[in-house]
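Asker: let's see this in three dimensions:
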Amino acid sequence: MKKAQIVWNPIKSKFNLVLKDKVIVSSNRVEYLTWLVDQQKHAKILKAKITSYEIIAPVTGIQISDEAGSPIEQVSPDFDINERFGFLEELITLVIDGEAKSLVVSGEGGIGKTFTVMDVLKKAGKVDHASVMPSIEDLNIKVEDEEPIIEEKILAQINQPKGDYVVVKGHSSAKALYRILYEHRQKTIVFDDCDSVLKDTSAISLLKSALDSYEDRWVSWRIEQPFGESDLPLTFKFHGKIIFISNMPLKKIDDAVKTRCFKVDLSMTKPQRIVRMRSVIANIMPDVDMDHKHEALGLLEENLHITNDINFRSLMNLIMIRRSGSANWKKLGAYALTA
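Answerer: Residues are numbered from 1 along each chain as shown. Below is the predicted model:
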């Protein structure tokens, strides 16, 4: 009595009944494979003594082979691009609510990754740390206060936790990452196109601690201080959440990070980008006539063969050209895509 697995193979567009990395039976319908096992109707199933099954979708961590013993590449079942953006919104909400600690969002630039993350945070009522500045009332400065007292009050307000999340862009060293994690240890940290923290080995070691599955996530920086004492502790407990937004392909992100995070791969073909743009075009430049926006998108779709610049930025450029009223807007738009 053995238990097999039913997995999807998109290369052949079939479901495989797999036992010990070997494909026993294949079918276009998973229901047929489950019926064969339940009814014990196939000679190969009987010979392999398979009496139960587990449906795996998508397949992860299993290397299976075909009947000739050749490895079959594991690829997840395709999901519609709008479905994937829907999954992204749900997973961001899990992170915001503290149900999940981290999320990696990967895919080409200009396809709406950052916009979606920021939009979900905003709709959840979360406040950007950078937008919160102490008011005069918060400082509680009095006329009789001397300079040291004023400085102390200002620093106290500056160092107080403000906002719900912080956005980190550009390059960050491992030491700078340690400070970011410490200063925002209670917040959601969004690393937007800050791929240096996903490549540096020291930074990855810090992230492994911050993203760990343990209830107490202790992050440490234990090195000699050549220029005197640091204002940072050698170790601290991290309570925050992290969202990575990266243009790097998911497969190039270190496994130590990926295995600790939920993952959403938003890589798209050119036609899929058009599908995505069409689904959200009402939200793009809302002050522009819809007919003009659809005409601009149509021009972009017509020119897929001459440009790789298929993203929201190029679409917005075409919309501006269409809105200009130029009689030659189509030629101007096509030129803009190839310049």
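Asker: mind listing what's buried along the biggest helix by length in the chain?
Answerer: Taking DSSP state H as the criterion, the chain has its longest helix at helix 81-96. Counting neighbours by 16 or more other C-beta atoms under 10 Å, one finds that the buried residues in helix 81-96 are 81, 84-85, 88, 91-92, 95-96. Any C-beta I mention is one placed from the backbone N, CA and C, and that applies to glycine too.
Asker: can you give me the helices for the chain?
Answerer: 30-39, 43-48, 81-96, 113-123, 136-139, 147-158, 174-183, 201-210, 255-258, 270-280, 290-302, 312-323, 329-338.
Asker: now these as a markdown table including distance to residue 8?
Answerer: Output for the helices of the chain, formatted as a markdown table (distance: least, C-beta to C-beta, whole Å):
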| stretch | distance to residue 8 |
| --- | --- |
| helix 30-39 | 8 |
| helix 43-48 | 19 |
| helix 81-96 | 16 |
| helix 113-123 | 26 |
| helix 136-139 | 56 |
| helix 147-158 | 53 |
| helix 174-183 | 38 |
| helix 201-210 | 31 |
| helix 255-258 | 21 |
| helix 270-280 | 19 |
| helix 290-302 | 30 |
| helix 312-323 | 31 |
| helix 329-338 | 37 |
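Asker: relative to residue 246, which of these is closest?
Answerer: Residue 246 lies closest, by C-beta to C-beta, to one member of the helices of the chain: helix 113-123, at 8.4 Å.
Asker: quick one, domains of the protein?
Answerer: 2-72, 81-128+163-265, 270-338 (automatic domain parsing).
Asker: give me the distance from the last one to the chain's centre.
Answerer: Taking C-alpha atoms, centre = their mean, to the nearest Å, one finds the center of domain 270-338 at 25 Å from the center of the full chain.
Asker: touching, residue 178 and residue 206? I think so.
Answerer: Yes: checked against C-beta atoms under 8 Å, the pair residue 178 and residue 206 is within contact range at 5.9 Å.
Asker: need the overlap of contacts for these two.
Answerer: 219, 221 (C-beta atoms under 8 Å, 6 or more residues apart in numbering).
Asker: now do the end-to-end distance for stretch 310-330.
Answerer: This stretch, stretch 310-330, spans 16 Å end to end (C-alpha to C-alpha, to the nearest Å).
Asker: what does stretch 7-20 give?
Answerer: Taking C-alpha to C-alpha, the first and last residues of stretch 7-20 lie 13 Å apart.
Asker: list the buried ones in that stretch?
Answerer: 7-9, 14-19.
Asker: and the spatially closest residue to residue 233 that is not a sequence neighbour, how many neighbours?
Answerer: What sits nearest to residue 233 in space, not counting adjacent residues and going by C-beta to C-beta, 6 or more residues apart in numbering, is residue 182, at 7.2 Å. Using other C-beta atoms under 10 Å, the number of residues around residue 182 comes to 17.
Asker: with residue 323 instead?
Answerer: Other residues lying near residue 323 total 16 when counted by other C-beta under 10 Å.
Asker: pLDDT wise, what is it at?
Answerer: pLDDT for residue 323: 94.
Asker: which ones are touching it?
Answerer: Per C-beta under 8 Å, 6+ apart, neighbours of residue 323: 288-289, 292.
Asker: how near is residue 25 to residue 17?
Answerer: 5 Å (C-beta to C-beta, to the nearest Å).
Asker: one more: residue 310?
Answerer: Distance of residue 310 to residue 17, given as C-beta to C-beta: 40 Å.
Asker: do residue 252 as well
Answerer: Residue 252 sits 33 Å away from residue 17, going by C-beta to C-beta.
Asker: over to residue 34?
Answerer: For residue 34, the distance to residue 17 equals 9 Å [C-beta to C-beta].
Asker: hey, what's in contact with both of these two?
Answerer: Joint contacts of residue 34 and residue 17 (C-beta under 8 Å, 6+ apart) are 6, 53.
Asker: which ones are touching the nearest residue to residue 301 once chain neighbours are set aside?
Answerer: Sequence neighbours aside, residue 274 is the residue nearest to residue 301 in space, at 5.1 Å (criterion: C-beta to C-beta, 6+ apart). Each residue near residue 274 by C-beta under 8 Å, 6+ apart is listed here: 297, 300-301, 304, 310.
Asker: returning to what we had before: do you know which of the domains of the chain lies nearest residue 148?
Answerer: Using C-beta to C-beta, the domains of the chain put domain 81-128+163-265 closest to residue 148, at 18.5 Å.
Asker: gap between the two ends of the closest one?
Answerer: By C-alpha to C-alpha, one end of domain 81-128+163-265 lies 10 Å from the other end.
Asker: and what of stretch 320-339?
Answerer: 16 Å.
Asker: next: stretch 183-197.
Answerer: Stretch 183-197 has an end-to-end distance of 17 Å (C-alpha to C-alpha).
Asker: so how far is that stretch off the chain centroid?
Answerer: On C-alpha atoms, centre = their mean, the centre of stretch 183-197 falls 13 Å from the chain's centre.
Asker: quick check: buried residues in that stretch?
Answerer: Taking 16+ other C-beta under 10 Å as the criterion, stretch 183-197 shows 184-185, 187-197 as buried.
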